[in-house]
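Student: Next input, structure requested:
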Amino acid sequence: MFDVIMTENSITRAAEQLSMSQSAVSKSVSIMRVLWKDKLFVPDGRNIQPTSFAKNLWSRIRDSLHNLTMAV
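Tutor: This next block holds a predicted model:
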């Protein structure tokens, strides 16, 4: 989910991509914020922008997530 949100820069578009409700994705983001102790995303008009923490995290896990997706 984190990967899709990062790619889409939108909770709504990520929810559509994941076939989930927007509120379910928002709830998951809230949980991630608590676990990782960072805002992760900040509003930017109709989109969102990742925080520095989120960008750093994504750069470290993006390739591994892609590899897992390709292995399935």
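
Student: the strands in the protein, which residues?
Tutor: 41-44, 47-50 (DSSP state E).

Student: how about CSV for the ones you listed, with mean pLDDT added?
Tutor: Below are the strands of the chain laid out as CSV (pLDDT from 0 to 100):
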stretch, mean pLDDT
strand 41-44, 95
strand 47-50, 95
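
Student: Can you say which of the ones you listed is packed in most?
Tutor: Stretch with highest mean neighbour count among these: strand 47-50 (a mean of 16; mean count of other Cβ atoms under 10 Å). Glycine gets a C-beta too; all of them are placed from N, C-alpha and C.

Student: For it, output the C-alpha coordinates as CSV.
Tutor: Coordinates of each C-alpha in strand 47-50 appear next as CSV, following Å, rounded to 0.1, in the frame of the first residue of the first chain:
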residue,chain,number,x,y,z
ASN,A,47,-2.5,15.5,-4.1
ILE,A,48,-0.1,14.7,-1.3
GLN,A,49,3.6,15.0,-1.1
PRO,A,50,5.8,12.5,0.9
